[in-house]
Every structure is written in structure tokens, then in C-alpha cells.
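K.L.:
Pasting the sequence and the predicted model now:
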Amino acid sequence: MKEATTHIVLIEDEVQIRRFLRMTLESEGIRVIEAGNGKQGLAEISARQPDMVLLDLGLPDMDGVDVVRQLRTWSSVPILILSARSDELQKVSALDAGADDYLTKPFGVPEMMARIRVHLRRRTSTAETTSPIFNFGEVTVDFPQRRIMRSGQQVHLTPIEYKLLSVLIRNAGKVVTHSQLLREVWGPGHIEHGHYVRVYMGHLRQKLESDPARPAHIFTEAGVGYRLIKG
């Protein structure tokens with residue numbers, strides 16, 4: 001057997017399929033970390049920082065599309081969907097959520113391996129995955145647990161506030177435009193509703209900044225957008 005230099009997290013609830021895929025991948029020199037449900041899979045990805053994720057959509061604890069959405073808030077690791085769902089809308093939903101590729105079961109092993117090689121080649125030599133734990137000032141964001149702490153106290157964010165913060169963190173140090181925030185948080189149908197961003201950014205500052213009137217981390221770039229600085 002080849003020496004394992006590539007690590008893949010396989011999230012699949014059917015034991016026989018999981019065993020077959022593990023044996024196939026290991027014969028190609030790939031180390032496989034198995035998970036039987038979405039929660040376990042996210043935990044393994046957070047802990048192992050793999051080169052790629054293979055994901056079934058029909059999981060016992062959560063839909064695979066939700067796994068993709070959660071993972072994309074803190075990681076850009078390539079995701080290949082392996083699913084029996086062949087409906088075009090299901091495929092589009094998974095890809096729109098952030099999956100990189102989709103294979104419908106049953107599939108041929110040569111095609112699966114070819115697609116895996118493609119995505120591994122696209123992965124740059126530098127780490128593409130944002131750390132699952134992000135700190136700025138007195139704030140700690142634990143993405144796998146979806147938990148925000150400030151000065152040791154847990155902070156409750158609404159789903160919109162959480163998505164907004166996730167986009168800022170994913171682009172930390174860069175200016176994120178109003179239109180980009182509207183598109184990623186509210187969707188393309190809300191591009192004209194710039195006041196949404198101002199209102200919710202105010203909420204974030206109230207909850208996360210020591211002095212919301214003089215923010216030390218969430219800065220306004222006048223007429224352009226916002227920038228998150230770790231400080």
C-alpha cells in the first residue's frame with residue numbers, strides 16, 4: 001500500500017459503503033477518517049483539517065446540504081458530494097450551498113478518483129482552510145460549535161448577525177462591499193436594501209465591541225463597505 005500523504009474525511013452513514021470507499025481510497029495512498037453522521041463529520045473536519053471531504057446527503061442527524069452550509073462558514077476545503085439523489089434541484093441546492101462537485105450513486109470508482117485528483121490539484125500549497133477558532137479583541141468565535149464568547153461570556157447572535165460576522169471573518173483584513181454583504185447574507189434579491197447592512201452591523205458592534213461608538217475591530221469604509229481587523 002502507498003504511503004498516505006492525503007487525508008480525506010468521509011461522511012457516510014451506510015457502513016458497507018463507508019467500508020468500500022475507505023478500502024478504495026486507502027489503496028490509492030489516501031488516509032480516510034470516517035464519520036457516520038453530520039455532527040461527527042464536522043467535528044472530524046475541525047480536528048483533522050483534511051485535504052478533502054466526501055459527503056453523503058442522506059445523513060441520520062441532518063441533511064448533507066446543511067453540513068455544507070455550516071462547513072462553508074469556516075472552511076474552503078473541497079467537498080465532493082456522493083449521493084443517491086439524482087434530482088437536478090438537489091444537485092443545484094448542494095452546489096449553491098458550497099459543494100465543489102457532485103457524483104450520483106451508483107458511480108464508477110475511476111470517475112470518483114479522477115474527480116478527487118482534480119480537486120486536490122486545485123488546492124494550493126498554502127492552507128486554504130480558515131481556522132475553526134477565530135479571535136479578535138476579547139471575542140472568540142468557535143465555528144464548529146457556532147459559539148461566540150466575549151470576555152468569557154457567551155454572546156447570542158441571530159442567524160443574520162452570525163452570517164454577517166462569518167462573511168467579515170472569512171474576509172478579515174479586507175474591505176467587504178455593501179453589495180457583497182447583501183448578496184451573501186440576504187441573497188441576490190436584496191442588493192438595493194443597503195440599510196439592512198447598517199442596522200445589523202450596528203447590532204454586531206453593540207454585542208461585540210467594547211465601545212460600539214468607537215469600534216476597534218468592525219470598521220466602516222465610507223461609501224464602500226466594512227472591514228474586520230483582528231487588532
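P.N.:
Arrived safely, thanks for sending. Predicted model only: the values in this text are computed from it and were never measured. Numbers count the residues shown, from 1 in each chain.

K.L.:
Give the closest residue to residue 68 in space, chain neighbours not counted.
P.N.:
If the residues on either side of it in the chain are set aside, residue 68 comes closest to residue 97, at 4.2 Å by C-beta to C-beta, 6 or more residues apart in numbering. (C-beta placed from N, C-alpha, C; glycine too.)

K.L.:
what residue lies at the spatial centre of this protein?
P.N.:
residue 72 (1.6 Å; C-alpha atoms, centre = their mean).

K.L.:
I'd say it and residue 97 touch.
P.N.:
Yes - using C-beta atoms under 8 Å, residue 72 is in contact with residue 97, at 6.9 Å.

K.L.:
re the thing from before, burial count for the residue nearest to the residue nearest to the centre of the chain when sequence neighbours are not counted?
P.N.:
Nearest residue to residue 72, sequence neighbours excluded (C-beta to C-beta, 6+ apart): residue 98, at 3.6 Å. Neighbour count for residue 98, taken as other C-beta atoms under 10 Å: 17.

K.L.:
Let me know the pLDDT of residue 98.
P.N.:
Listed pLDDT for residue 98 reads 85.

K.L.:
Same question for residue 48.
P.N.:
Taking residue 48 on its own, its pLDDT is 86.

K.L.:
Equivalent analysis for residue 212, please.
P.N.:
94.

K.L.:
And the strands in the chain?
P.N.:
6-11, 30-35, 52-55, 79-83, 101-104, 133-136, 139-142, 147-150, 153-155, 175-177, 218-221, 225-228 (DSSP state E).

K.L.:
care to break this protein down by domain?
P.N.:
What automatic domain parsing lists as the domains of the chain is 6-122, 133-228.

K.L.:
Please identify the most buried of those domains.
P.N.:
When the domains of the chain are scored by mean count of other C-beta atoms under 10 Å, the highest mean neighbour count falls to domain 6-122 (a mean of 18).

K.L.:
got the end-to-end distance for it?
P.N.:
Its first and final residues considered, domain 6-122 spans 14 Å by C-alpha to C-alpha, to the nearest Å.

K.L.:
and that domain, how far out from the chain's middle?
P.N.:
Per C-alpha atoms, centre = their mean, to the nearest Å, the displacement of domain 6-122 from the mean C-alpha position of its chain is 13 Å.

K.L.:
Low-confidence ranges, the protein, go.
P.N.:
Where the chain drops to pLDDT under 70, the residues are 1-4, 123-131, 188-193.

K.L.:
Now do the helices in it.
P.N.:
15-26, 38-48, 64-72, 88-97, 109-122, 159-170, 178-181, 194-208 (DSSP state H).

K.L.:
So what touches the last one?
P.N.:
The contact list for helix 194-208, computed with C-beta atoms under 8 Å, 6 or more residues apart in numbering, reads 137, 139, 148, 150, 155, 157-158, 160-161, 164-165, 178, 181-182, 185-186, 190, 212, 215, 217-218, 220, 226.
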